[in-house]
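Peer 1: quick one, what's the 3D model for this:
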Amino acid sequence: MAITRRELLAGSATLGAATLLSRGSEATTVKPFRFVHMTDFHVQPELHAGQGMARALQHAMAKKPEFVMLGGDLIMDGSAANEDRTRTQWDLFRRTLKENCSVPCAYCIGNHDVWGWNKAKSHTSGQEARWGKQWFLDVAEIPRTYYAMERGGWKWIVLDTVQPKGDSYDGGLDAEQFDWFKQEIARTPAHQPVMVVSHIPLFAPCAVIYDFDATASIWKASSNEIVGDFHEVKKLFDDHPNVKLSISGHIHLVDRYDYNGVSYLCNGAVCGAWWLGKNRDFEPGYVVVDLFPDGTFKQEFVTWGWKSE
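Peer 2: Below you'll find the predicted structure:
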């Protein structure tokens, strides 16, 4: 069940109950907001991916979340797929989500969710009604690919980090979105914690592992694995210490990096190695997050038992 436009604009602050050892504090009983971050489904008709997505959602619902954050790359690929293939993937995604997700959800766009940027392989002209990001917007039922909402006492800022580069993509924020991003953080009360959601990580050390050039022995992180303008994002975060958490997917690896008051989480992939099992060091999985009103959180990477055939 997708978040409604009214909910997107108004937000909510539904809370549950749990106990947390806060950083540097004594154990305190507080009311957390539990959600699951499920990213990189890459659902497709092949490899039993539809059944796998259903099982993953059922597994996540057993964790009793109040919300699902869909982290992008929801379908296997739309950028190089023709219209019929793209429709087949989105129909499978929507049907599987509707049948197996019992709580509200929100969407973050991934690079594979864009239709037709590779015109030659997708056989598109760029003039089609749902070309580019519009098909994703129609599925998500939202007016644009970046937005803000409130859940669990936190401000959630969902970004679109997928920018066109030739017939492919790069990681970053366009100027209009970045101006909105700065204004959205500036208008957030200083006491309210902020979480930023993106598909391509704002920053993730695991990108260096993913992009390691063994031939040249070069450790690097390319700009299609993390956003190229992170230095500007970091300046913004430095000026607003209520920014506490940044979550992402895209790399299909798992890490956590704490720097200058912000925790950067790269949260693996529901599909693991694109439905072929374990991706390097990590099994197919998702992350359960408990948000606490004081700006602290707990997270757990959960594997859900997928084995490729």
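
Peer 1: report the contact partners of residue 233.
Peer 2: 173, 202, 227 (C-beta atoms under 8 Å, 6 or more residues apart in numbering). Every residue, glycine included, has its C-beta placed from N, CA and C.

Peer 1: so after the host helix or strand of it, what's the next helix or strand?
Peer 2: Using DSSP states H and E, residue 233 maps to helix 230-239. Sequence-wise, the next helix or strand downstream of helix 230-239 (DSSP H and E) is strand 243-248.

Peer 1: pull whichever helix or strand comes after that next one out as CSV, backbone CA atoms only.
Peer 2: Using DSSP H and E, the helix or strand that follows strand 243-248 in sequence is strand 254-259. In CSV, the C-alpha atoms belonging to strand 254-259 read as follows (Å, rounded to 0.1, in the frame of the first residue of the first chain):
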residue,chain,number,x,y,z
VAL,A,254,26.3,-3.7,3.6
ASP,A,255,28.2,-1.1,5.7
ARG,A,256,27.8,1.6,8.3
TYR,A,257,30.0,4.6,8.5
ASP,A,258,29.7,7.2,11.3
TYR,A,259,31.3,10.6,10.5
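
Peer 1: other SSEs contacting the helix or strand just after strand 254-259?
Peer 2: Remark: after strand 254-259, the chain's next helix or strand is strand 262-267, criterion DSSP H and E. When contacts are defined as 3 or more C-beta pairs under 8 Å, 6 or more residues apart in numbering; DSSP states H and E, strand 262-267 sits against strand 243-248, strand 254-259, strand 285-291, strand 297-303.

Peer 1: could I get the third one in PDB with only the CA atoms?
Peer 2: Taking Å, rounded to 0.1, in the frame of the first residue of the first chain, the C-alpha atoms of strand 285-291 are listed here in PDB:
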ATOM      1  CA  GLY A 285      18.500  -9.200   2.900                       C
ATOM      2  CA  TYR A 286      17.000  -6.000   4.100                       C
ATOM      3  CA  VAL A 287      17.400  -3.700   7.200                       C
ATOM      4  CA  VAL A 288      15.000  -3.300  10.100                       C
ATOM      5  CA  VAL A 289      15.400   0.200  11.700                       C
ATOM      6  CA  ASP A 290      14.000   1.500  15.000                       C
ATOM      7  CA  LEU A 291      13.900   5.300  15.100                       C
END
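
Peer 1: so for it, mean pLDDT?
Peer 2: The average pLDDT for strand 285-291 rounds to 98.

Peer 1: quick revisit: quick check: which of the helices and strands packed on strand 262-267 is nearest to residue 65?
Peer 2: With C-beta to C-beta as the criterion, residue 65 lies closest to strand 285-291 of the helices and strands packed on strand 262-267, at 7.0 Å.

Peer 1: can you find the helix or strand of this structure with the lowest average pLDDT?
Peer 2: strand 18-21 (a mean of 39; mean pLDDT, DSSP states H and E).
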